[in-house]
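**Student:** Build me a model from this:
(4 chains)
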Protein chains: 2
Amino acid sequence: MTGSDRGAAAGLSRMGDRADAIGEAIHRAISEQRLLPGTKLPEDQLGAIYGASRTLVRAALQALARDKIVVLARNKGAAVASPSVAEAQAVFEARRLIEAATVARAAAAATPTTLDGLEALVDEGRTALAHHDRGRAIRLSGEFHLGISRLAGQPVLHAFLRDLVSRSSLVIALYGHTVHSECGDGDHRALIATLRARDAPAAVAEMMRHLADIERDLDFKRPNHRPLALADVLGPPSSLAVTAA
Amino acid sequence: MTGSDRGAAAGLSRMGDRADAIGEAIHRAISEQRLLPGTKLPEDQLGAIYGASRTLVRAALQALARDKIVVLARNKGAAVASPSVAEAQAVFEARRLIEAATVARAAAAATPTTLDGLEALVDEGRTALAHHDRGRAIRLSGEFHLGISRLAGQPVLHAFLRDLVSRSSLVIALYGHTVHSECGDGDHRALIATLRARDAPAAVAEMMRHLADIERDLDFKRPNHRPLALADVLGPPSSLAVTAA
DNA sequence: CCCGCCCGAACTGTATACAGTTTGATCTTG
DNA sequence: CAAGATCAAACTGTATACAGTTCGGGCGGG
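**Tutor:** Numbering: from 1, shown residues only, chains lettered A, B, ... in the order given. Predicted coordinates:
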């Protein structure tokens, strides 16, 4: 189940860099909202989970901190980031700017084949929801947006959006009101339709509407201060866990 | 001379994190083109220069690698990045997108005081040029753009632009044709004029023209493959160097 | 009962040790 | 003389050791 290695995120986990693999695993756990904002991430425990020394865990955490999805407090260790309201709004504003550009280019560059790939992502998300795997659905929703930006053929903007999507995951975890925002696949299908029509202006409009919808579902008054999940929710994503065998 | 600690980059070097300080020093050396693309960066030597162990140097290099201004090859170490032609074009395209947004907002948000700060930056650049300190002038030119984006009050876009400006420095070092691109302060003064007039459309137009000018000065046919500078060009930026005393 | 002090457990910051890899130079051989 | 094998130096990958810091709990005094 968890092992369906989509090509999406596989690009980064360049085998050989164990620290990257650990960072990827934690990143995925955050993207799937198994690790919630505020959760403390002690180096020792992570090392035990992934069967690595603190050296590698530390490198992974520092990389995640650079992405702003983990915060590092001196002498106090790492924790999953809790974006402020201002930061949340800035993230979505940046998304509007960047995704307007990427979706427009995607409309020009898309082929039936690549669009089928996007559609498959949406289908997969629907399946995940049917299986009550909400975390996976959330992550796939993000990968849909990244898929579009990949079509745009602008690696720099794609990398930026990657950051923004990850951070959006935290924002939704903190301020998400209903489950509607990340789960309804109607918006995504409508977006694909505009891309199939190669109608760039319509695609941009649809994307802006979609992002506004997500943002509208946020409730900045009542942040979800859930009690913090334990760290042993990790491990499943890859076969990295210390196999005692 | 080098000690004029402008508020510009000081925000990052949060004292206490020695690795950040080292990264900052290397980053500055690259921004000032004292370290040219392709230069090898051995951990031991850097450690000796900054009086730190490989642990800290390594952390710094990994951070710089995330910013794409250093490349890390497994078992082969770090080197100053040499952006490809495609990457160079992508960087400038991203700059056009982001700086159009930031300069427009800056035009709305600028006050006479903040604009004086920008002007001071331009003046400082001119002074640096007069003192034949080309590296410093180049870095200040980048900080001018960052100053505008700071006015925009969008921290996310500002952070992105920070990346792009650093990478632009490498692009110019590799493909820069004349010295014109980064040094003529006329464009920057014209930009400030549009900001003073609070004329957002004119500011955007001026910025686009300016970026196009810089890009036009690049010669992608003849990359400057200078023979690689030695690493002991480092040290001056801060008092980090191992004071043998 | 409450407040402040002290101490120990848990954790991070950094250096260092050791193992594995790359690379280029030297030596050998056809 | 050229081409390939061999080996040593240089460097990176990772673990571990130790020092310093934070934080919460127990204890004594008011």
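
**Student:** If I look at A:Asn224, what pLDDT would I see?
**Tutor:** Looking at A:Asn224, its pLDDT is 76.

**Student:** So it is in contact with A:Leu174, correct?
**Tutor:** Yes - with contact defined as C-beta atoms under 8 Å, A:Asn224 reaches A:Leu174; the gap is 5.9 Å. Quick note: C-beta positions are derived from backbone N, CA and C, even for glycine.

**Student:** Neighbour count: the two, which is higher?
**Tutor:** A:Leu174 (24 against 13; other C-beta atoms under 10 Å in any protein chain shown).

**Student:** near chain B at all, the helix or strand encompassing the more buried one?
**Tutor:** Using DSSP states H and E, the element containing A:Leu174 is helix A:155-175. Yes - using C-beta under 8 Å from any C-beta of the partner chain, helix A:155-175 reaches chain B at A:Pro155, A:Val156, A:Leu157, A:Phe160, A:Leu164.

**Student:** For that helix, buried residues please.
**Tutor:** A:156-175 (16 or more other C-beta atoms under 10 Å in any protein chain shown).

**Student:** Just the angle for it relative to helix B:155-175, thanks.
**Tutor:** With axes from the mean of the first three to the mean of the last three C-alpha atoms, to 10 degrees defining the directions, helix A:155-175 sits at 160 degrees from helix B:155-175.

**Student:** Counting neighbours, what do you get for the closest residue to DNA strand D within chain A?
**Tutor:** Of all residues in chain A, A:Ser53 sits closest to DNA strand D, at 3.1 Å by C-beta to the nearest atom of the strand. A:Ser53: 12 surrounding residues under other C-beta under 10 Å.

**Student:** just checking, it touches A:Glu43?
**Tutor:** No - A:Ser53 is not in contact with A:Glu43 according to C-beta under 8 Å; the separation is 9.1 Å.

**Student:** Okay, strands next: where are they in chain A?
**Tutor:** Using DSSP state E, the strands of chain A run over A:40-41, A:70-73, A:77-80.

**Student:** is the second one up against DNA strand D anywhere?
**Tutor:** Read it as strand A:70-73. No - contact of strand A:70-73 with DNA strand D (C-beta under 7 Å from any atom of the strand) is absent, the minimum separation being 7.6 Å.

**Student:** Tabulate the CA atom coordinates of that strand in CSV.
**Tutor:** The C-alpha coordinates for strand A:70-73 follow below in CSV (Å, rounded to 0.1, in the frame of the first residue of the first chain):
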residue,chain,number,x,y,z
VAL,A,70,10.9,22.4,10.6
VAL,A,71,12.1,24.9,13.1
LEU,A,72,15.4,24.7,14.9
ALA,A,73,15.8,26.3,18.3
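
**Student:** the longest helix in chain A is where?
**Tutor:** helix A:85-109 (DSSP state H).

**Student:** In that one, which residues are buried?
**Tutor:** For helix A:85-109, using 16+ other C-beta under 10 Å, the buried residues are A:87-107.

**Student:** What of stretch A:67-82?
**Tutor:** Neighbour-count burial for stretch A:67-82 [16+ other C-beta under 10 Å]: A:Asp67, A:Lys68, A:Ile69, A:Val70, A:Val71, A:Leu72, A:Ala78, A:Ala79, A:Val80, A:Ala81, A:Ser82.

**Student:** mean confidence for it?
**Tutor:** Rounded mean pLDDT across stretch A:67-82 is 96.

**Student:** I would like the residues contacting it, please.
**Tutor:** Contacts with stretch A:67-82, where a contact means C-beta atoms under 8 Å, 6 or more residues apart in numbering or on different chains, come from A:26-27, A:30, A:35-43, A:61-62, A:64-65, A:83, A:163, A:166-167, A:169-170, A:174, A:223, B:16-17.
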